[in-house]
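> what follows is a protein structure lacking sequence information:
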């Protein structure tokens with residue numbers, strides 16, 4: 001009896017402490033809301049300038065959310081179109097990438113999308129945008145032109161362009177259409193009997209259905225192994241990710257759990273239907289941009305030992321959002337409500353978002369990650385994305401190639417591709433095409449004649465080393481060696497362009513840009529697979545059954 005009374009007293013005490021904490025929290029919330037309200041009222045009444053309430057309070061809301069995590073976002077009514085695009089991956093427009101061309105000082109058509117209005121009416125890479133619905137687009141920014149190309153699906157715009165290849169001005173009537181990039185831009189057979197599926201995102205409503213159809217087609221074509229490419233896949237719908245897993249994993253298998261503050265945020269997900277194939281060997285390619293739903297896919301495959309994960313460590317997003325919390329005045333809030341956990345029980349969130357002191361981030365160090373076990377007993381870790389079973393670094397982009405593609409304000413590469421298209425009405429099939437050495441030589445001469453320059457990292461490092469040697473007093477003794485090295489590192493564009501590795505990469509970039517103009521992104525992707533060393537390693541592994549099986553078995557643990 002005495003024990004029962006003591007237990008009740010302890011329970012009552014705990015309840016009292018909990019109630020007191022709740023009261024303290026509620027008081028602090030009410031106090032700070034009152035203070036915020038009072039501050040704005042005084043600002044609005046007495047501040048020297050008239051305040052824009054949407055801007056001032058909007059900035060306050062943004063600052064509050066920034067102190068939490070980057071995935072909790074507020075969309076006021078005037079951002080409703082952006083909110084819908086975030087939810088569905090769709091927007092209405094002509095379906096083309098546009099870019100600012102520095103040499104022409106105009107916005108141009110860069111890449112029309114396949115089966116979209118821009119491609120259907122005949123717009124081409126390099127077309128200069130002159131006007132939209134009669135409004136002159138001279139000196140307009142990329143963002144301004146893009147805003148005028150977009151609109152409601154079904155509406156029509158008049159687009160006037162100048163085509164440099166013919167020297168003619170042309171006018172097109174274009175009906176806007178809901179634009180959504182394909183989740184699955186390409187699939188096909190590789191090296192005879194290996195299926196390959198490239199999955200760009202999980203945003204589309206038919207993502208898992210398209211994947212299922214592609215896999216069935218590959219099986220009919222005789223696929224004995226499968227590569228699922230999730231590189232650069234930023235995620236999307238969790239349900240679509242689970243549906244894809246269900247194609248390969250037996251019914252009633254745990255795939256995912258979610259845990260949050262509210263009871264309704266806690267969910268457990270299992271496979272719900274019989275799979276198509278539970279034995280075909282699979283390699284999943286991942287990289288540092290593989291995130292969210294694509295990490296759910298790769299994490300479940302890894303924990304259940306159903307696939308080998310290959311590539312580089314993934315992004316590490318283990319947070320779950322409710323995308324459409326409705327707010328007053330037609331606003332919406334995308335709100336982080338839970339963390340998710342893979343079948344082994346690990347959360348792969350790489351960054352802790354601290355809410356004290358105005359909010360800051362903290363990367364989870366490898367030393368603080370915990371061990372978990374896959375179904376076969378292999379060791380995996382939490383707190384830092386999905387670590388691949390086999391790490392394969394991609395080829396790096398040479399410095400000169402980076403500058404030509406992304407930094408060059410003389411548009412050498414863009415203009416060369418436009419001229420190439422003008423002189424070549426057709427090219428070889430996407431899987432076979434490659435620019436010739438003669439074509440590359442022509443491009444090289446253009447670069448040399450343009451006086452193109454770029455920052456060479458080796459020269460910068462040498463400059464820093466010289467400064468450090470002078471500071472420490474070693475320079476005079478090593479001066480002849482420094483001067484000799486400086487001569488060897490001098491800029492030589494012709495030599496850099498002829499260097500085998502640089503030449504190979506620049507030719508691939510030119511080839512990809514040219515193919516995109518004829519066969520769109522699908523063709524460029526198909527062609528790029530010929531040079532993909534991560535894919536080649538995946539295919540090699542799938543053709544080595546013993547090595548594949550051994551990869552999914554635990555390594556022998558060393559005894560102390």
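The structure has been received and is ready for your questions. Remember, predicted model here, so these are calculated numbers, not experimental data.
> what about the stretch 301-450 of the chain, any weak spots by pLDDT?
Residues of the stretch 301-450 of the chain that meet the criterion pLDDT under 70 lie in 356-360.
> could you pull out the helices for it?
Shown for the stretch 301-450 of the chain, the helices assigned by DSSP state H, counting those that start in this stretch span residues 399-402, 412-423, 437-449.
> and whatever helix or strand comes next after the longest one, what does it pack against?
Next along the chain after helix 437-449, taking DSSP states H and E as the criterion, comes helix 457-472. Using 3 or more C-beta pairs under 8 Å, 6 or more residues apart in numbering; DSSP states H and E as the contact definition, the elements that helix 457-472 packs against are helix 475-488. All C-beta spots, glycine's among them, are computed from the backbone N, C-alpha and C.
> could I get the average pLDDT for the helix or strand following the helix it packs on?
With elements assigned by DSSP H and E, the helix or strand that comes after helix 475-488 is helix 493-498. For helix 493-498, the mean per-residue pLDDT is 83.
> show me what helix 493-498 is packed against.
Short answer (3+ C-beta pairs under 8 Å, 6+ apart): helix 493-498 packs on helix 399-402, helix 437-449, helix 500-528.
> looking at the ones you listed, which is closest to residue 169?
helix 500-528 (20.8 Å; C-beta to C-beta).
> could you pull out the buried residues of that closest one?
When burial is assessed from 16 or more other C-beta atoms under 10 Å, helix 500-528 yields the following buried residues: 502-503, 505-528.
> nearest to residue 353, out of the helices of the stretch 301-450 of the chain?
helix 399-402 (31.8 Å).
> make CSV out of the helices and strands packed on helix 493-498 and add distance to residue 57.
Conversion of these to CSV gives the following (distance: least, C-beta to C-beta, whole Å):
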stretch, distance to residue 57
helix 399-402, 42
helix 437-449, 52
helix 500-528, 42
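> minimum distance to residue 421: which of those helices has it?
That would be helix 500-528 among those, by C-beta to C-beta, at 5.2 Å.
> quick one, the closest one and helix 412-423 angle?
Orientation of helix 500-528 against helix 412-423 (axes from the mean of the first three to the mean of the last three C-alpha atoms, to 10 degrees) gives an angle of 50 degrees.
> am I right that residue 397 is in contact with residue 508?
No. Residue 397 is not in contact with residue 508 according to C-beta atoms under 8 Å; the separation is 10.1 Å.
> common neighbours of these two, please.
Common neighbours of residue 397 and residue 508, using C-beta atoms under 8 Å, 6 or more residues apart in numbering, do not exist here.
> now mean neighbour count and distance to residue 538 too, for the helices of the stretch 301-450 of the chain, in CSV please.
Formatted as CSV, the helices of the stretch 301-450 of the chain follow (neighbours: other C-beta atoms under 10 Å; distance: least, C-beta to C-beta, whole Å):
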stretch, mean neighbour count, distance to residue 538
helix 399-402, 18, 25
helix 412-423, 18, 30
helix 437-449, 15, 29
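> out of the helices and strands packed on helix 493-498, which gets nearest to residue 191?
helix 500-528 (13.8 Å).
> which other helices and strands contact that closest one?
By 3+ C-beta pairs under 8 Å, 6+ apart, helix 500-528 packs against strand 106-112, strand 186-190, helix 399-402, helix 412-423, helix 437-449, helix 493-498.
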